[in-house]
Every structure is written in C-alpha cells, then in structure tokens.
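J.: One predicted model, sequence on top.
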Amino acid sequence: MSAAAHGHTPAAWTGVTIAFIGFTVSGVAMIIPNVLLVWAGLVVVLLGGVVGKAMAIAGMGRQPSPHYESAPAVLVTDKRAAVAAS
C-alpha cells in the first residue's frame, strides 16, 4: 500500500488534520454537555473534507504516475468481436 503513496499528500494531511481537530472538539463537547460545541466540531469535520478536496483539485493531491500508461477506454460487448479484432 505504501508503494502507491496512498494519502501522502499535502491535501490529505491537511484534510485529516482539520477533521481530527473537529472530532476532538466534538468529543470534548460530549464530555462537558455542550450541544452547540458538538455541532461546531461536526461542522469543522465537514470543513476538513471540503478543504482537502479543494486542495486536491488545486493540484496538491495525488499526481498521476509517470510510469503508468492508461489503457484506451474500449467497451467490449461481444467477446467474439474482441478476439477477431486482436
């Protein structure tokens, strides 16, 4: 899994860090009964997802590997036609 660099990007780290802070705030707010703070923490969790996705779209997410060549998109509905084409 580590060879694929799954999640080792600034976008992923930032999104997870923000979400972790939100979970922590909500957890503490549950211990001290404060409903408003629970909801504020959950909003921060959602904000972490939005920030992480925005950073990934901005180019700070996983980049395509130069060693991977994508196959052309071909929809094969008939196996005999696919064999005859090759």
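T.: That came in fine, so what should we check first? Numbers count the residues shown, from 1 in each chain.
J.: Contact partners for residue 48?
T.: 14-22 (Cβ atoms under 8 Å, 6 or more residues apart in numbering). No exception for glycine: its C-beta is placed from N, CA and C like everyone else's.
J.: Restricted to helices, list these.
T.: Assignment to helices by DSSP state H places the following of these there: 14-22.
J.: Let's test this: name the helix or strand in the chain with the lowest mean pLDDT.
T.: helix 79-85 (a mean of 59; mean pLDDT, DSSP states H and E).
J.: returning to that earlier point: out of the ones in helices among the contacts of residue 48, which is nearest to residue 53?
T.: residue 15 (7.3 Å; Cβ to Cβ).
J.: How about the closest one: what's its closest non-neighbour residue?
T.: residue 52 (2.2 Å; Cβ to Cβ, 6 or more residues apart in numbering).
J.: Hmm, residue 17 and the one you found touching each other?
T.: No. Contact between residue 52 and residue 17 fails when scored by Cβ atoms under 8 Å: they sit 9.3 Å apart.
J.: hmm, which two among the ones in helices among the contacts of residue 48 are most spread apart?
T.: Maximum distance among the ones in helices among the contacts of residue 48 (Cβ to Cβ): 12.8 Å, for 14 and 22.
J.: For the one helix or strand residue 39 maps to, buried residues please.
T.: In this structure, residue 39 sits in helix 35-55 according to DSSP states H and E. Neighbour counts over helix 35-55 (16 or more other Cβ atoms under 10 Å) mark 38, 41, 44-45, 48, 51-52, 55 as buried.
J.: and what of stretch 25-38?
T.: Within stretch 25-38, the residues that qualify as buried are 25-26, 29, 38, counting by 16+ other Cβ under 10 Å.
J.: Please flag which of those residues sit within helices.
T.: Going by DSSP H, the helices hold 25-26, 29, 38 from the buried residues of stretch 25-38.
J.: can you redo those residues as JSON lines with distance to residue 61 and pLDDT?
T.: Formatted as JSON lines, those follow (distance: Cβ to Cβ, whole Å; pLDDT from 0 to 100):
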{"residue": "25", "distance to residue 61": "26", "pLDDT": "96"}
{"residue": "26", "distance to residue 61": "26", "pLDDT": "96"}
{"residue": "29", "distance to residue 61": "31", "pLDDT": "95"}
{"residue": "38", "distance to residue 61": "30", "pLDDT": "95"}
